[in-house]
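Colleague: Have a look at this fold, sequence not included:
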């Protein structure tokens, strides 16, 4: 089911997200919190968020999926790195988007893992392309990242050096900068009186999931 859902996103067969202004800083903090509680404790995870970060424009749930996919990719790249030397940094700030005009929100996910050569970098966003062993990946994680960011009218950057690590950068429009995405928003979510019960013996993921669903 997860594979089909990601394929539908990549092929634009899934309905557009509910776009609007949202707090990117909170999404980054929630993502790092989830990873910190579930990744191997040898990995040092750190969030570096610029003060008074402006609102982003888009679907916060899809953007969180982008960040989770990038963090999972970074975690896998750290296999084989000396224990207590592994790190993943998630940075969020505002910067100019190269040749494009205006300011954009930028989130970078950096690791000091195995890195990639140029031939691998050229194919990382292809569906089903993976360097992982059979059974350890579908090759859809980065393809889904690309598709979601594309639909947010943003951009994904990648800088990697073999043996030194990789940095992915995601550029997203500012909340007040682009109204076209908001016009694509779906109708309001139907509300009812149902109850959702979340069960997990770990308090952190339990609270994060409850916060996400609310």
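Modeller: Nice, I can see it. Source: prediction; values computed, not measured.
Colleague: Show me which helix or strand of this structure is least confident by mean pLDDT.
Modeller: helix 180-183 (a mean of 55; mean pLDDT, DSSP states H and E).
Colleague: what's the longest helix in the protein?
Modeller: In the chain, assigned by DSSP state H, the helix with the most residues is helix 60-77.
Colleague: quick one: contacts for the residue nearest the centre of the chain?
Modeller: The centre of the chain sits closest to residue 67, judged by C-alpha atoms, centre = their mean, with a distance of 1.6 Å. By C-beta atoms under 8 Å, 6 or more residues apart in numbering, the contact set of residue 67 is 27, 28, 31, 90, 107, 109, 170. All C-beta spots, glycine's among them, are computed from the backbone N, C-alpha and C.
Colleague: isn't the fourth one right next to residue 74, touching?
Modeller: No. Counting by C-beta atoms under 8 Å, residue 90 stays clear of residue 74, with 9.0 Å between them.
Colleague: which residues are common contacts for those two?
Modeller: Common neighbours of residue 90 and residue 74 (criterion: C-beta under 8 Å, 6+ apart): 109, 110.
Colleague: Look at these two and report which has more neighbours.
Modeller: Applying other C-beta atoms under 10 Å to residue 90 and residue 74 shows that residue 74 carries more neighbours, namely 27 against 22.
Colleague: That one and residue 111: what is the separation?
Modeller: For residue 74, the distance to residue 111 equals 4 Å [C-beta to C-beta, to the nearest Å].
Colleague: hang on, the earlier thing: of the contacts of residue 67, grab the buried ones for ChimeraX.
Modeller: To isolate the buried members of the contacts of residue 67 in ChimeraX, using 16 or more other C-beta atoms under 10 Å:
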select :27,28,31,90,107,109,170
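Colleague: Mind checking which of the contacts of residue 67 land in strands?
Modeller: With DSSP state E as the criterion, strands contain 90, 107, 109, 170 from among the contacts of residue 67.
Colleague: Tabulate the residues you listed (JSON lines), appending distance to residue 40.
Modeller: Below are the ones in strands among the contacts of residue 67 laid out as JSON lines (distance: C-beta to C-beta, whole Å):
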{"residue": "90", "distance to residue 40": "17"}
{"residue": "107", "distance to residue 40": "23"}
{"residue": "109", "distance to residue 40": "17"}
{"residue": "170", "distance to residue 40": "24"}
